[in-house]
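Enquirer: sequence and predicted structure below; questions after.
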Amino acid sequence: MQINNKRYNDLDSYYKRKFNKKIIKLPIDGGFTCPNRDGTLSSLGCIYCSDSGSGEWTKGDLLDIKAQIAYQKKKLSKKSRDEAYIAYFQNFTNTYGDVRKMREIFFKAIDDDDIVGLSIATRADCLDDDVISLLVELNELTDLNVELGMQSVNDKTLKFINRGYGHQSFDNGVQKLNQWGIDIIAHVIVGLPNENIKDYLNDIEYINYRGFWGIKIHNLYIEKNTYLKKYYEDNNISYDMTKDEYANIVVKMLRHLNPKIVINRLTGDGIRENIAYPTWSKNKGAVLSTIDKIMKEGNFSQGDLWKEN
């Protein structure tokens, strides 16, 4: 049953069915860095990554985890609504560094009775044995998922975006998590230079093959003060994907996606004033309504072109 009457397996409906209440994700800054930022692999980061490490909605100046949780609850909750929360460690690489620190902050985050889950964004090359052991322990205590920045399965694209490791290494990390039954979210970007619908469907084929729990799809949006913006301008590249083109690509991806996979996101969610272009990506609601309109008018649904192997 799709509570929100979507033609895809949306996250909000999934959580309402599972917990019988509204579930809100609270973006948390764990104070981590990234091997692609600290000089281990690179000091530049991925080509599209902002100074905040894609944590635009976190409150990192509140260093204490409990203080961040309290701030986000106050900001995002509604008193009239029956709610619970998921602590979402969003920015940079949250399984990179001192495992003792990870243990301390993750356990502190799930200490409140109304925190029913934990979502950890990280890199697939930062899942050593000690990290996996910690994740296995957390998975037994709370509703855990691990979000991996896949972006693409095309190694040429991965090299271009300076991710720092290829698809085979990514797949090795996925298999580690799958071995222990840990839910994984794949993060995919539509609109990276030199990619097309074949690449996007290859991404979906891989996600189906490895049995991911969830997926995040968002358009490439170019933020101010990023290397990607400089690259586009230095090479006189124009961003020419329109909102309708993006929406039609997403619909094709959804139609090929296993209907059991939970849709966590279908568009970018950057801070409006930080986005240089495309301007249409600043209106998240319009992008989502365009996707819904295409699916309704075509009588399409998630997985209607999916073929189980």
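Expert: Thanks, I have it. Numbering: from 1, shown residues only.
Enquirer: which residues of the protein fall in helices?
Expert: Counting by DSSP state H, the chain has helices at residues 11-19, 65-76, 99-109, 129-141, 155-160, 167-179, 197-210, 227-234, 243-255, 284-297.
Enquirer: quick one: contacts of the fourth one?
Expert: Contacts of helix 129-141 from elsewhere in the structure, counted by C-beta atoms under 8 Å, 6 or more residues apart in numbering, are 95, 99, 102-103, 106, 110, 118, 120, 127, 144, 146, 176-177, 180-182. Backbone N, C-alpha and C define where each C-beta goes, glycine included.
Enquirer: same thing but at 7 Å, please
Expert: Taking contacts as C-beta atoms under 7 Å, 6 or more residues apart in numbering, the residues outside helix 129-141 that touch it are 95, 99, 102-103, 106, 110, 118, 144, 146, 176, 180, 182.
Enquirer: which stretches of this protein have low pLDDT?
Expert: 1-2, 50-63, 309 (pLDDT under 70).
Enquirer: any idea which of the helices of the chain is most buried?
Expert: helix 243-255 (a mean of 20; mean count of other C-beta atoms under 10 Å).
Enquirer: chain center to that one, what's the gap?
Expert: Distance of helix 243-255 from the chain centroid (C-alpha atoms, centre = their mean, to the nearest Å) equals 18 Å.
Enquirer: ok, stretch 166-180 next?
Expert: The gap between the average C-alpha position of stretch 166-180 and the chain average comes to 17 Å, counting by C-alpha atoms, centre = their mean.
Enquirer: equivalent analysis for stretch 156-174, please.
Expert: On the basis of C-alpha atoms, centre = their mean, the separation between the geometric centre of stretch 156-174 and that of its chain is 16 Å.
Enquirer: I'd like the numbering to begin with 7 instead of 1 from here.
Expert: From this message on, residue numbering opens at 7, which makes the last subject stretch 162-180.
Enquirer: between the two ends of it, how far is it?
Expert: Start to finish, the residues bounding stretch 162-180 are 20 Å apart (C-alpha to C-alpha, to the nearest Å).
Enquirer: give me the residues contacting it.
Expert: Outside stretch 162-180, the residues touching it (C-beta under 7 Å, 6+ apart) are 41-42, 47-48, 50, 52-54, 130-131, 133, 154, 156-159, 161, 190, 198-199, 201, 216.
Enquirer: drop anything exposed from the residues you listed.
Expert: Burial by neighbour count, 16 or more other C-beta atoms under 10 Å: within those this picks out 41-42, 47, 52-54, 130-131, 133, 154, 156-159, 190, 198, 201, 216.
Enquirer: let's see which of these end up in strands.
Expert: When those are checked against strands (DSSP state E), the matches are 154, 156-157, 190.
Enquirer: tell me how far the ends of stretch 223-230 are from each other?
Expert: Between the opening and closing residues of stretch 223-230 lies a distance of 21 Å (C-alpha to C-alpha).
Enquirer: in that stretch, which residues are buried?
Expert: For stretch 223-230, the neighbour count (16+ other C-beta under 10 Å) marks 223-229 as buried.
Enquirer: now these as JSON lines including distance to D177?
Expert: Below are the buried residues of stretch 223-230 laid out as JSON lines (distance: C-beta to C-beta, whole Å):
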{"residue": "I223", "distance to D177": "19"}
{"residue": "H224", "distance to D177": "22"}
{"residue": "N225", "distance to D177": "25"}
{"residue": "L226", "distance to D177": "23"}
{"residue": "Y227", "distance to D177": "27"}
{"residue": "I228", "distance to D177": "28"}
{"residue": "E229", "distance to D177": "29"}
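Enquirer: wait, which of these is closest to W312?
Expert: If you rank the buried residues of stretch 223-230 by distance to W312 using C-beta to C-beta, I223 comes first, at 15.5 Å.
Enquirer: in the sheet, who's paired with that closest one?
Expert: Taking DSSP bridges as the rule, I223 bridges to V194.
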